[in-house]
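Novice: Take a look and give me a structure for this.
(chains A and B)
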Amino acid sequence: MTVEQILADVRAMLTEIIGAEYALSVDIGMETSFDADLELESIEFVKLSAMLTERYGDRVNFVAFLATKELDEIIEMTVGEVVTYIANCSAYADAIDG
Amino acid sequence: MAEIVAGGVRFHVQRLTPRHTPRQPAHPVVFIHGLGMDNLSSFYYTLANPVADAGAEVILYDLRGHGLSERPRTGYQVQDAVADLTALLDALAIDGPVHVVGNSYGGIVALGFAVTHPHRVASMVLIEAHFSVAGWAEQIAAEQATIDAALTGDALRGWLAQLGRKVTRLMEMADDLLNHTTFLADLTAVQPIPMSRLRTLTCPVRAIYGEHSDVVDYARELDRYLPHCVLTVLGGCGHSVLMDATPALREIVLDWFATQIPSGVR
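Specialist: Numbering: from 1, shown residues only, chains lettered A, B, ... in the order given. Purely as a prediction, here's the structure:
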């Protein structure tokens, strides 16, 4: 999967979570912050993680990804960090499969 | 997002599954958050993922009226929360023992669950746990009423509304819970768990309090409530141990579960 495809997935999920009206007011890109830019509630970030786990299944391990992060690191995370993590996991899974 | 209906209420539940197989059969670890503005995300951001990464199956859920769970108009006494947890575990087909981790009010729910179903609790971690003893109900209801008073002030509401989407949503949720359900009345009506019942608990208990917490008096009386409890008082922090001392707390909790083998998490 390409970074662009993953970003499109994440953008669609965020739109579903925070509503199209609000999502359309923010240009969601790699630099977009979940907290400062999207004002995502912490419980909504949990919801996003669950949706991503459901979407990408065994190819990503969000438990391990988040287990290494401190509270402020999670709060300050950008869309790009999540997308990059998924892209790296995906590339690794492809290499194993391949 | 997992939604599970248990006891007639729709609960938001998140299950975190370890990627690797633990060396020993493990009991699930259930996290129970605090009251009011709190929800399962406070544990998700701090302890839940590290505990799952260490090899435990983790279950997080939003208490009724909180987070993304349904907000019924009634049913906010401790015994309701205990019945909810019981129904939820039944719905998840978990009938064996679980480790319970409770923060603040979640600690009371954990204690209530343990005295009601002692065979279903492998161990307890109590973080800044209130104890359902004489005077508790009045104390916690007063705290929540203070929040309510703040929310109903027009000037403050207008100011908060300018802070944006997140604050507005939290405010609306809290307003509905505090003013349009039996939440406050139910808290005030909570009956203490009798000391005689608390003292019958035999499961291992790990308690952590903050040095400057407004509930640290409970920690000082733990010997009376739970004589077999292992206590740590963390210096320099108050009631928000979970958020203010996350690394130290995480180390304590991971060490605790490591010592719970063969019923532990790794």
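Novice: How about the helix or strand encompassing residue B:233 and chain A, touching?
Specialist: Secondary structure from DSSP states H and E places residue B:233 in strand B:229-234. No. Using Cβ under 8 Å from any Cβ of the partner chain, strand B:229-234 never reaches chain A; the gap is at least 15.5 Å. In this view, the C-beta of every residue, glycine as well, is placed from N, C-alpha and C.
Novice: is chain A contacted by the helix or strand just after that strand?
Specialist: Following strand B:229-234 in sequence order, the next helix or strand is helix B:241-244 (DSSP H and E). Yes. Counting by Cβ under 8 Å from any Cβ, contacts between helix B:241-244 and chain A involve residue B:243.
Novice: contacting residues around residue 87?
Specialist: This is for chain A. Residue A:87 makes contact with A:1-3, A:6, according to Cβ atoms under 8 Å, 6 or more residues apart in numbering or on different chains.
Novice: other chain: chain B
Specialist: For residue B:87, the contact set (Cβ under 8 Å, 6+ apart) comprises B:6-7, B:9.
Novice: at 6 Å instead, please
Specialist: For residue B:87, the contact set (Cβ atoms under 6 Å, 6 or more residues apart in numbering or on different chains) comprises B:6-7.
Novice: Wait, a strand at it?
Specialist: No. Residue B:87 is assigned helix when assessed by DSSP: H, G, I helix; E, B strand; the rest coil, not a strand.
Novice: hmm, back to that, so among the contacts of residue A:87, where is pLDDT lowest?
Specialist: For the contacts of residue A:87, the weakest pLDDT value sits at residue A:1, with 84.
Novice: Tell me how many other residues crowd the nearest residue to that residue once chain neighbours are set aside.
Specialist: Leaving aside its sequence neighbours, residue A:1 sits nearest to residue A:90 (Cβ to Cβ, 6 or more residues apart in numbering or on different chains; 4.8 Å). Neighbourhood size, residue A:90 [other Cβ atoms under 10 Å in any protein chain shown]: 18.
Novice: and residue A:90, helix, strand or coil?
Specialist: Three-state call for residue A:90 (three-state DSSP): helix.
Novice: Just to check, it is in contact with residue A:3?
Specialist: No. Between residue A:90 and residue A:3 there is no contact under Cβ atoms under 6 Å: 9.6 Å.
Novice: what packs against the helix or strand of chain A with the lowest mean pLDDT?
Specialist: Every helix and strand of chain A was ranked by mean pLDDT, DSSP states H and E. The lowest is helix A:20-24, at a mean of 81. Where contact means 3 or more Cβ pairs under 6 Å, 6 or more residues apart in numbering or on different chains; DSSP states H and E, helix A:20-24 is not packed against any helix or strand.
Novice: Could you rerun that using 10 Å?
Specialist: helix A:3-18 (3 or more Cβ pairs under 10 Å, 6 or more residues apart in numbering or on different chains; DSSP states H and E).
Novice: what's the straight distance from one end of stretch B:71-83 to the other?
Specialist: End-to-end distance for stretch B:71-83, by Cα to Cα, to the nearest Å: 16 Å.
Novice: chain center to that stretch, what's the gap?
Specialist: Its chain's C-alpha centre and that of stretch B:71-83 lie 14 Å apart, by Cα atoms, centre = their mean, to the nearest Å.
Novice: which parts of it are buried?
Specialist: B:71, B:75-78, B:80-83 (16 or more other Cβ atoms under 10 Å in any protein chain shown).
Novice: Report the spatially nearest residue to residue B:203, omitting neighbours in sequence.
Specialist: Residue B:203 sits nearest to residue B:121 (Cβ to Cβ, 6+ apart), 4.9 Å away.
Novice: other SSEs contacting the longest helix belonging to chain B?
Specialist: Taking DSSP state H as the criterion, chain B has its longest helix at helix B:136-152. Counting contacts by 3+ Cβ pairs under 10 Å, 6+ apart, helix B:136-152 packs against helix B:105-116, helix B:154-161, helix B:165-179, helix B:183-188.
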